[in-house]
Each structure stands twice: as structure tokens, then as C-alpha cells.
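# from the sequence below, what's the structure:
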Amino acid sequence: MGGRTLPGPAARRTAGTVLTALLLAVLVLLALVALGLPLLAGGRGGLGVFAGPSIGYLVGFPIAAFAIGAMTNAMGSPYRLAPAIGINILGGVVLLNLLGVIGMVLRADLGVGPALVAAIPFVPGDLIKAVICAFVAKGVHAAYPGLIRSRRAEREDALA
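Numbers count the residues shown, from 1 in each chain. Down below sits the predicted model:
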């Protein structure tokens with residue numbers, strides 16, 4: 001197997017499985033929160049959190065997870081750190097905070113400006129986490145190189 005690529009459908013199934021697992025993990029977290037487990041900041045949980053100002057973030061978790069996974073899969077292998085950091089920032093910081101701000105505007109009766117001001121203090125920590133996650137993912141992809149399909153294999157499939 002050294003150096004050979006898997007046929008397209010098998011590699012896409014692997015990527016789909018990984019994306020599904022990540023999305024499923026986020027959805028399970030949200031289900032546990034809905035059941036009342038105190039898994040959110042400040043020990044919050046229960047259905048009430050889905051009616052509060054953090055609804056944009058809660059809805060954004062699976063959307064951001066899917067976006068990051070899809071962009072990482074589109075990047076192809078080998079996993080490259082600089083683009084991965086950019087993907088994590090785009091999906092996990094920009095997209096998630098955009099949805100969070102929308103939630104605050106809708107549920108906290110804040111204007112866009114005050115909602116942005118409320119979100120800004122969390123951005124530095126979000127950026128640090130995006131970088132750390134990219135480094136962790138680099139290690140995971142080094143240990144399991146078949147998690148995302150190579151760009152070369154995609155080109156070969158397109159030509160076949």
C-alpha cells in the first residue's frame with residue numbers, strides 16, 4: 001500500500017465518515033445541553049439556553065464544524081498548517097461569531113454594533129484555539145494520512 005492511493009469512492013467515504021463524526025459529536029453535545037446537562041459556560045444547560053442570546057452560537061456550532069470539515073477536505077492532503085489555520089479562523093472564528101452576533105441581535109435586542117462589541121473580547125481566545133486546533137489536526141493527519149484525499153488523486157479521478 002505504500003504510496004498508492006485508494007479509489008475515489010473509498011476515500012470519499014472516509015472523508016464523509018470523518019465529517020459526519022465531527023458533526024455528530026457537535027449535535028450530541030447540543031442534545032445533551034437540551035436535556036439539561038450543564039455543559040455550557042457557567043454550567044448552563046436545558047432548553048432555555050436555546051431561547052437566549054447565545055442561540056446564534058449554538059446553531060453555529062454544527063454549521064462551523066461542517067464548514068471547517070468541508071474546507072479541510074477540499075484542501076486535500078497533505079494537511080498543510082498555514083491553510084488549515086486560515087480555515088479554522090474562517091469557520092471557527094469568523095463564521096461562528098457572525099452567527100453568534102446575529103443571535104444576539106435577534107434574541108438580546110442589541111444592535112449590530114453593541115453585539116459586535118460583546119463578541120470582540122472572545123476573539124483573541126478564539127484565534128488561539130483555532131491555531132492550537134490546526135496543530136492538533138496536523139498531528140492527527142500525520143498519524144492517519146488517509147483522512148483527507150490527496151489533490152493528486154482527485155485530479156487522477158477527474159481525468160479517468
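# just give the closest residue to residue 54, not the sequence neighbours.
Leaving aside its sequence neighbours, residue 54 sits nearest to residue 103 (C-beta to C-beta, 6 or more residues apart in numbering; 6.5 Å). Heads up, the C-betas are built off the backbone N, CA and C, glycines and all.
# now the one you found: how far from residue 30?
Noted for residue 103: a distance of 14 Å to residue 30, by C-beta to C-beta, to the nearest Å.
# residues making contact with stretch 26-34?
39, 40, 44, 45, 46, 47, 49, 50, 58, 61, 62, 65 (C-beta atoms under 8 Å, 6 or more residues apart in numbering).
# how about that stretch: buried residues?
Buried residues in stretch 26-34, counted by 16 or more other C-beta atoms under 10 Å: 26, 29, 30, 33.
# and for stretch 70-86?
71, 72, 73, 75, 76, 77, 79, 80, 84, 85.
# what's the neighbour count on the nearest residue to residue 84 once chain neighbours are set aside?
Excluding its sequence neighbours, the residue lying closest to residue 84 (C-beta to C-beta, 6+ apart) is residue 134, at 4.3 Å. Neighbourhood size, residue 134 [other C-beta atoms under 10 Å]: 23.
# whichever helix or strand residue 134 is part of packs against which elements?
In this structure, residue 134 sits in helix 123-143 according to DSSP states H and E. Counting contacts by 3 or more C-beta pairs under 8 Å, 6 or more residues apart in numbering; DSSP states H and E, helix 123-143 packs against helix 81-88, helix 96-107.
# of those, which is nearest residue 144?
Nearest to residue 144, of all the helices and strands packed on helix 123-143, is helix 81-88, at 14.9 Å by C-beta to C-beta.
# and the angle from the closest one to helix 123-143?
Between helix 81-88 and helix 123-143, the angle comes out at 130 degrees (axes from the mean of the first three to the mean of the last three C-alpha atoms, to 10 degrees).
# and the helices in this protein, which stretches?
With helices called from DSSP state H, the chain shows them at 8-34, 55-75, 81-88, 96-107, 112-119, 123-143, 151-159.
# need those in TSV (columns: mean pLDDT).
TSV is the format used below for the helices of the chain (pLDDT from 0 to 100):
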stretch	mean pLDDT
helix 8-34	76
helix 55-75	93
helix 81-88	97
helix 96-107	97
helix 112-119	97
helix 123-143	94
helix 151-159	65
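# picking that back up, tally of neighbours for the residue nearest to residue 54?
The burial count for residue 103: 21, using other C-beta under 10 Å.
# hmm, it is touching residue 51, no?
No: assessed by C-beta atoms under 8 Å, residue 103 is found out of contact with residue 51, at 10.6 Å.
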